[in-house]
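Colleague: coords please:
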Amino acid sequence: MVIEVREDSVTALKEYARIPIAFEVREIFDVEVCDDAPGGFVLTRRDLEVPYVKDYDAIEAQSPAHWAERFDVSNWEFLAARSEGRRVGGAALALDTASIDMLEGRGDLAVLWDIRIAPEARGQGVGSTLFRAAEARAAARGCRQLKIETQNINLAACRFYARQGCELREINRFAYPQFPAEVQLLWYKELAGVGRATG
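Modeller: Numbers count the residues shown, from 1 in each chain. I've put the predicted structure just below:
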């Protein structure tokens, strides 16, 4: 598959939102706090007896179609992945937005707010291509780090971010009061070439 990634516009968020983000949960990470472990926690993979479908867009006002109503997206970056003229994926970067706690008040941090691949295009390199493009856009904006949120129910995403060189550094067991069984996992990646002396 030949994949082309281009900058997208906030005006295209309804089209962006047409790419489903739902996935089947067949396995999870049980998270145990452990002072002796790196980072203070241990993840143990467990198969579920009854798989289920998780759809982040089905949560009220979480769909990309609502982002511009909920957030100041004027400093955000949007990317569209296309193959043979058809949209097969997208990514959104949150940057320099005071109301986004995930940005930690930092101007040198970008949050990969969303990445999604059309179901028929998954496993064909679209995600890696979008991730590299997001890294490049964040670095071009002067960011030193990329931060990504996922959950202990999304092992495919965890494996994907680990393959991209991200490091799992934080957990928050109480991030989602409406979903008490889900644990927030925060990944970070240092961005190459930002703020380094050359010569």
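
Colleague: Give me the contacts around the longest strand along the chain.
Modeller: As assigned by DSSP state E, the longest strand anywhere in the chain is strand 41-54. Under the contact criterion C-beta atoms under 8 Å, 6 or more residues apart in numbering, strand 41-54 has outside partners 22-34, 152-155, 168, 171. The C-beta positions use only the backbone N, C-alpha and C, and glycine is treated the same way.

Colleague: Direction included, what does it pair against?
Modeller: If you go by DSSP bridges, strand 41-54 pairs up with strand 23-33 (antiparallel).

Colleague: And for the partner strand, what's in contact with it?
Modeller: Under C-beta under 8 Å, 6+ apart, the answer for strand 23-33 is 40-48, 51-54, 152-156, 158, 171, 173, 183, 185.

Colleague: chain center to that strand: distance?
Modeller: A distance of 17 Å separates the centroid of the chain from that of strand 23-33, by C-alpha atoms, centre = their mean, to the nearest Å.

Colleague: one step back: chain center to the helix or strand following the longest strand of the chain: distance?
Modeller: The first helix or strand that comes after strand 41-54 along the chain, using DSSP states H and E, is helix 67-70. Computed by C-alpha atoms, centre = their mean, the chain-centroid distance of helix 67-70 equals 18 Å.

Colleague: buried subset of the contacts of strand 41-54?
Modeller: Buried subset of the contacts of strand 41-54 (neighbour count, 16 or more other C-beta atoms under 10 Å): Phe23, Val25, Ile28, Phe29, Val31, Asn152, Ile153, Asn154, Leu155, Leu168, Ile171.

Colleague: Mind listing what's buried along stretch 40-51?
Modeller: Within stretch 40-51, the residues that qualify as buried are Phe41, Leu43, counting by 16+ other C-beta under 10 Å.

Colleague: Brilliant, that's me finished.
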